[in-house]
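Q: Give me coordinates for this.
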Amino acid sequence: MDLEKPPQRQEPEGCLVVAIRLPVRIVVLVLVVPVRMVWDALVVCGRFLRDTVLRPVGRALAWLGRAVFVWPFVGLWRYVVVPLAKGLARLGNVLVVVPLMWLYRHVLIPVGHALTWVARGIGSGLAWVYARVLTPVGHAVMWALKGIGAVLALLGVGVYTAVAWLVRYLVVVPALWVYEWILTPVGHAIAWCAKGLAWGVSMIATGVGTALYWITRLLLVLPALALWRWVLVPVGRVLAVVGREVWQALGHAWRVAGRISLAVGRALATLFRWVFVEPVRWVYRTVLTPVGHVVRDVLLRPAASVARSVGRATREALAAAAESVRQARADFRRMLFGEPRRVAEPNRREPVGRETRTLGSSTTALTKD
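A: Predicted coordinates for the structure are as follows:
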């Protein structure tokens, strides 16, 4: 916890700042110390509650959530969905993929090859028709169209020349005369009238704008400027100084209250230790521990040895009883059915029969002729 105020550059301060600082800091310190002590107490209680209640409860709820929600879905996925999906995949492979591959390999590929061969034959025939029939016909048609186009071009040049001469002397020359001797003087007269009208309107607007400017300046701007310069700026500076001092006083008071709260907390902790913890520790060390040792040596260890002896005797008695019951059952069975017939066990060291291997015969690979 940062209890020290960070170093700042000292600036020259006026008498107003010095006069405001001390009473503001005293008042703020008186108001902030109880709040800081309550805040520190709430922090300690919250940490204790987090470590002793919320964290174990959260772990228990997390384990319960995994046991109720996560593990069943994991088991369902691992032991039901995955094997079922693998089985369906194998079944789909056998029922769909393998037949489709067989159909593609043994039906569609031969049909495609046959269609390709037919298309190649058709393409070769169309290429022959294009090269031997359509190309000569097209060349002949293009030659005929070129001749017709040349004739039409000659006729078009003559017609275009005649139409251009008529348009020039019947339309263009009269239009130019009308534009130069009629429209241009009329346009100049209209432009001169419009300039004069615009000059008059601009002069009128300038006069009205100047009058409105001075009226607005005298009635609104100058009073607002005086109010800002001689009233609002000094009041704002005073309020800024007061706010800055209140903020600095809050920070200083919060740090001082932290030191006070820390000292009070340490004093209460020391008092609690000497009033409750140390007496309990002394009682545990000087009273409960020797009494516990005496109870252990005098009562618990002899009782444990007696219990072990009783348990051992009980086990031996139960074993003897079980052996007696087993012998009685065997005697009763022998009395009813007689002695059981014993089968002689054959000697398994050498094989018995026709294919017995001996050292004197040539049945092995080493002694075979």
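Q: Count the neighbours of Val242 for me.
A: Val242: 14 surrounding residues under other CB atoms under 10 Å. All C-beta spots, glycine's among them, are computed from the backbone N, C-alpha and C.
Q: for the one 5 residues further on, same thing?
A: Counted with other CB under 10 Å, the neighbours of Trp247 add up to 11.
Q: Can you give me the distance of Leu318 to Arg329?
A: 17 Å (CB to CB, to the nearest Å).
Q: Find the centremost residue of the chain, please.
A: Val70 (20.4 Å; CA atoms, centre = their mean).
Q: Pull up the per-residue confidence for it.
A: With respect to pLDDT, Val70 scores 89.
Q: which residues touch it?
A: Neighbouring residues of Val70 by CB atoms under 8 Å, 6 or more residues apart in numbering: there are none.
Q: Give me the distance between it and Leu54.
A: 22 Å.
Q: Could you do Thr206 as well?
A: As judged by CB to CB, Thr206 and Leu54 stand 79 Å apart.
Q: Same check on Ala328?
A: With distances taken as CB to CB, Ala328 is found 66 Å from Leu54.
Q: Arg237 now?
A: 50 Å.
Q: Then Val24?
A: For Val24, the distance to Leu54 - CB to CB - is 40 Å.
Q: Between those two, point out the one with more neighbours.
A: Using other CB under 10 Å, the more surrounded residue of Val24 and Leu54 is Val24, with 17 against 11.
Q: got the contact list for the more buried one?
A: Applying CB under 8 Å, 6+ apart, the residues near Val24 are 242, 245-246, 249.
Q: what mean pLDDT would you report for the helix or strand in which Leu262 is found?
A: Secondary structure assignment for Leu262, by DSSP states H and E: helix 233-272. Mean per-residue pLDDT for helix 233-272: 83.
Q: so how many other residues sit close to Arg25?
A: Residues near Arg25, counting by other CB under 10 Å: 19.
Q: gap between the closest residue to it other than its chain neighbours and Leu49?
A: With sequence-adjacent residues excluded and distances taken as CB to CB, 6 or more residues apart in numbering, Arg25 is closest to Ala249, at 4.4 Å. Going from Ala249 to Leu49 by CB to CB gives 33 Å.
Q: neighbour-wise, which of those two wins?
A: Per other CB under 10 Å, whichever of Ala249 and Leu49 has more neighbours is Ala249, with 22 against 11.
Q: now this protein, which segments are flagged as low pLDDT?
A: 1-21, 337-369 (pLDDT under 70).
Q: follow-up on the earlier one: next SSE after the helix holding Leu262?
A: Downstream of helix 233-272 (by DSSP H and E), the next one is helix 278-283.
Q: and the helix or strand where Val98 lies, how far from the chain's centre?
A: Per DSSP H and E, Val98 falls inside helix 98-103. Per CA atoms, centre = their mean, to the nearest Å, the displacement of helix 98-103 from the mean C-alpha position of its chain is 44 Å.
Q: so how far is the helix or strand just after it from its chain's centroid?
A: As assigned by DSSP H and E, the chain's next helix or strand after helix 98-103 is helix 109-129. Computed by CA atoms, centre = their mean, the chain-centroid distance of helix 109-129 equals 58 Å.
Q: One more: stretch 160-175?
A: 80 Å.
Q: Can you show me the CA trace of that stretch as PDB?
A: Below are the C-alpha coordinates for stretch 160-175, written out as PDB (Å, rounded to 0.1, in the frame of the first residue of the first chain):
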ATOM      1  CA  TYR A 160     -22.400  13.400 -98.000                       C
ATOM      2  CA  THR A 161     -20.700  16.200-100.000                       C
ATOM      3  CA  ALA A 162     -24.100  17.500-101.300                       C
ATOM      4  CA  VAL A 163     -25.800  17.400 -97.800                       C
ATOM      5  CA  ALA A 164     -22.800  19.100 -96.200                       C
ATOM      6  CA  TRP A 165     -22.900  22.000 -98.700                       C
ATOM      7  CA  LEU A 166     -26.700  22.500 -98.200                       C
ATOM      8  CA  VAL A 167     -26.400  22.400 -94.400                       C
ATOM      9  CA  ARG A 168     -23.500  24.900 -94.400                       C
ATOM     10  CA  TYR A 169     -25.300  27.600 -96.500                       C
ATOM     11  CA  LEU A 170     -28.800  27.000 -95.300                       C
ATOM     12  CA  VAL A 171     -28.300  26.500 -91.500                       C
ATOM     13  CA  VAL A 172     -24.800  27.300 -90.200                       C
ATOM     14  CA  VAL A 173     -24.200  30.700 -92.000                       C
ATOM     15  CA  PRO A 174     -27.600  32.200 -91.000                       C
ATOM     16  CA  ALA A 175     -27.100  30.900 -87.400                       C
END
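Q: Residue numbering should commence at 76 henceforth.
A: Noted, 76 is the first residue going forward, which turns the last one into stretch 235-250.
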